[in-house]
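Visitor: only geometry, no sequence info:
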């Protein structure tokens, strides 16, 4: 069956697309569904035609049955007219015989039409089964298409993310970040070193000032200078 071959083609396309990207599974699946819908339209058209033939055969069965009964009644009426003397007996026999022949022809036509109807009914049953099968496959693959589209979106997003992650080192981003981190660490160390130097320099100055008692020496010098200005002589100790 053509639609089964198309389903196999859809599956094959998906596998090939996953391997080497030759075929797009979404496009192939959508095309497969369109093909199945075309098959469905053709099958429904054929089914309608076969059903029409079955209905016509059924009508023929009824028509031939009615003709058979009609010719049988006519034969009886002819014989009754001959019996009553209204019709010549030989002529009545001839006409009644012709009516019965027509009855047999109608019976044969009825039998043939009935056989045709049975054949058409069998075809209708098989075609209805095929139509139902196509409808189920269309429904199935429409659901599969929704799933495939979701999977493709996830796959594309994952591929893009993984591709970006894979390109990070090649673009030197990680190396740049590592250099920036090292530079910050170096600046922090340099700042700490300057702090130590400033602290050590201040401590040495403080030690020197403490050793010579700068403030006391300066005050004493100022005192001697003031006494000289006032003419105060130095007392001997």
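Guide: Looks like it came in fine. Note that the coordinates shown come from a computational prediction; the quantities given were computed from them, not determined experimentally.

Visitor: rest of the way, CA atoms for contacts and neighbours
Guide: Will do.

Visitor: residues near residue 153, how many?
Guide: 12 (other CA atoms under 10 Å).

Visitor: Next one: it from residue 147, what distance?
Guide: 10 Å (CA to CA, to the nearest Å).

Visitor: Show the pLDDT at residue 14.
Guide: Looking at residue 14, its pLDDT stands at 51.

Visitor: Residue numbering should commence at 13 henceforth.
Guide: Shifting the count to begin at 13 puts that one at residue 26.

Visitor: Surely residue 118 and residue 80 touch.
Guide: Yes. Assessed by CA atoms under 8 Å, residue 118 is found in contact with residue 80 at 5.2 Å.

Visitor: What residues sit buried inside stretch 91-103?
Guide: Applying a neighbour-count criterion of 16 or more other CA atoms under 10 Å, one finds 91, 94, 101 buried in stretch 91-103.

Visitor: average pLDDT across that stretch?
Guide: 91.

Visitor: end-to-end on that stretch?
Guide: By CA to CA, the extent of stretch 91-103 from end to end equals 10 Å.

Visitor: do the same with stretch 88-102
Guide: So stretch 88-102: terminal residues 15 Å apart, CA to CA.

Visitor: Between residue 165 and residue 159, which contacts overlap?
Guide: Residues touching both residue 165 and residue 159 (CA atoms under 8 Å, 6 or more residues apart in numbering): none.

Visitor: Please give the element, helix or strand, for the most centrally placed residue in the chain.
Guide: A centroid search over the chain (CA atoms, centre = their mean) returns residue 158, at 2.4 Å, as the residue closest to the centre. For residue 158, the element it lies in under DSSP states H and E is helix 101-182.

Visitor: what's that helix packed up against?
Guide: helix 37-96 (3 or more CA pairs under 8 Å, 6 or more residues apart in numbering; DSSP states H and E).

Visitor: now residue 100, nearest residue through space, not along the chain?
Guide: residue 94 (5.8 Å; CA to CA, 6 or more residues apart in numbering).

Visitor: How about the contacts made by the one you found?
Guide: Going by CA under 8 Å, 6+ apart, residue 94 touches 100-101, 104.

Visitor: roughly how far apart are it and residue 83?
Guide: In terms of CA to CA, residue 94 sits 17 Å off from residue 83.

Visitor: just residue 160 next, same as before
Guide: Distance, residue 160 to residue 83, using CA to CA: 68 Å.

Visitor: What of residue 138?
Guide: 38 Å.

Visitor: and if you look at residue 50?
Guide: 49 Å.

Visitor: Give me the domain ranges for the protein.
Guide: 14-181, 189-242 (automatic domain parsing).

Visitor: Out of those domains, which one sits most buried?
Guide: Among these, domain 14-181 has the highest mean neighbour count (mean count of other CA atoms under 10 Å), at a mean of 16.

Visitor: so what's the closest residue to residue 42 other than its chain neighbours up against?
Guide: The shortest distance from residue 42 to any non-neighbouring residue, by CA to CA, 6+ apart, is to residue 157 (7.4 Å). Residue 157 makes contact with 38, 41-42, according to CA under 8 Å, 6+ apart.

Visitor: Now pLDDT and distance to residue 70 too, for the residues you listed, in TSV please.
Guide: Output for the contacts of residue 157, formatted as TSV (pLDDT from 0 to 100; distance: CA to CA, whole Å):
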residue	pLDDT	distance to residue 70
38	86	47
41	86	42
42	89	41
